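Undergrad: Sequence and predicted model, in that order:
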Amino acid sequence: MLRLRRKHSQTTPAPAIDAAALLNAQAPGRALLAAVGIAALMNMLWLWLSDLTGHFFHAFSLLQGPMIGLAVRRAGHGIDWRFPSLAASVAVLAAVSGNFLVSLTTTAVVLDATALQVLRGLTVWTWQTWYAEVLSTADFIYALFAAAVAAFYSRRRLQRQEIFALRNRISNDD
């Protein structure tokens with residue numbers, strides 16, 4: 001008589017979740033394609049912003065991490081370890097390639113040449129000089145943080161019923 005009505009209890013049973021359908025929905029190929037596409041778009045934005053303002057923006061790679069992770073989540077529907085590792089790898093590659101592209105265009109402007117002319121003139125010593133003088137420890141730290149953030153955002157968010165269905169399937173398989 002003095003009990004309060006429970007508003008949080010379910011009156012209808014939760015729908016049955018098919019764990020096999022969740023596992024089959026994973027698409028690593030689409031996740032890779034989306035991650036590379038977003039990385040290319042973000043590198044173009046980095047290049048345009050650096051060209052527009054005349055600044056290098058070393059920390060721009062930190063913005064690439066969440067964007068790449070969300071693209072992997074959206075396109076890949078990933079549950080397992082492959083998707084965070086894919087997102088982290090693409091984020092590191094995007095950070096290094098973005099640094100290279102901005103350095104390339106800056107060098108082309110200074111030398112009054114095109115980017116293709118500068119690319120044709122690259123040698124082993126050019127790569128060593130670029131690695132020693134342009135890339136700093138901060139760039140590697142930014143790339144690692146971008147990779148961590150990309151890995152964090154890359155996994156699919158599951159509802160409670162989906163988690164229970166996956167756990168039951170794993171325990172039944174063993």
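TA: All right, it came through fine. Residues are numbered from 1 along each chain as shown.

Undergrad: Would you map the helices across this structure?
TA: Secondary structure of the chain (DSSP state H): helices at 19-24, 28-53, 61-76, 82-111, 115-120, 124-133, 137-154, 160-173.

Undergrad: Show me the least confident stretch of those, going by mean pLDDT.
TA: Note on the helices of the chain: lowest mean pLDDT is at helix 160-173, with a mean of 83.

Undergrad: buried ones in it?
TA: Neighbour counts over helix 160-173 (16 or more other CB atoms under 10 Å) mark 162, 165-166 as buried. From N, CA and C alone the C-beta is placed, and that goes for glycine too.

Undergrad: could I get the helices of the chain as a markdown table with distance to Arg5?
TA: Converted to a markdown table, these look like this (distance: least, CB to CB, whole Å):
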| stretch | distance to Arg5 |
| --- | --- |
| helix 19-24 | 34 |
| helix 28-53 | 45 |
| helix 61-76 | 38 |
| helix 82-111 | 43 |
| helix 115-120 | 70 |
| helix 124-133 | 68 |
| helix 137-154 | 39 |
| helix 160-173 | 23 |
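
Undergrad: Please identify the most buried of those.
TA: Most buried of these, by mean neighbour count (mean count of other CB atoms under 10 Å): helix 61-76, with a mean of 24.

Undergrad: Go ahead and name everything in contact with that helix.
TA: 26-28, 30-31, 33-35, 37-39, 42-43, 46, 78, 83, 86-87, 90-91, 94-95, 98-99, 139, 142-143, 145-157 (CB atoms under 8 Å, 6 or more residues apart in numbering).

Undergrad: before we move on, what about stretch 129-137?
TA: 58, 96, 99-100, 103.

Undergrad: Try it again at 6 Å.
TA: Ser103 (CB atoms under 6 Å, 6 or more residues apart in numbering).

Undergrad: Endpoints of it, how far apart?
TA: 15 Å (CA to CA, to the nearest Å).

Undergrad: Keeping just the C-alphas, turn stretch 85-100 into CSV.
TA: In CSV, the C-alpha atoms belonging to stretch 85-100 read as follows (Å, rounded to 0.1, in the frame of the first residue of the first chain):
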residue,chain,number,x,y,z
SER,A,85,43.7,-0.2,-34.7
LEU,A,86,42.6,0.8,-38.2
ALA,A,87,41.5,4.3,-37.0
ALA,A,88,44.7,4.8,-35.0
SER,A,89,46.9,3.7,-37.9
VAL,A,90,45.1,6.0,-40.4
ALA,A,91,45.3,8.9,-37.9
VAL,A,92,49.1,8.6,-37.5
LEU,A,93,49.5,8.4,-41.3
ALA,A,94,47.3,11.4,-41.8
ALA,A,95,49.2,13.4,-39.2
VAL,A,96,52.6,12.6,-40.9
SER,A,97,51.3,13.1,-44.4
GLY,A,98,49.6,16.4,-43.5
ASN,A,99,52.9,17.7,-42.1
PHE,A,100,54.6,16.6,-45.3
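
Undergrad: Since that was my last question, I'll sign off now.
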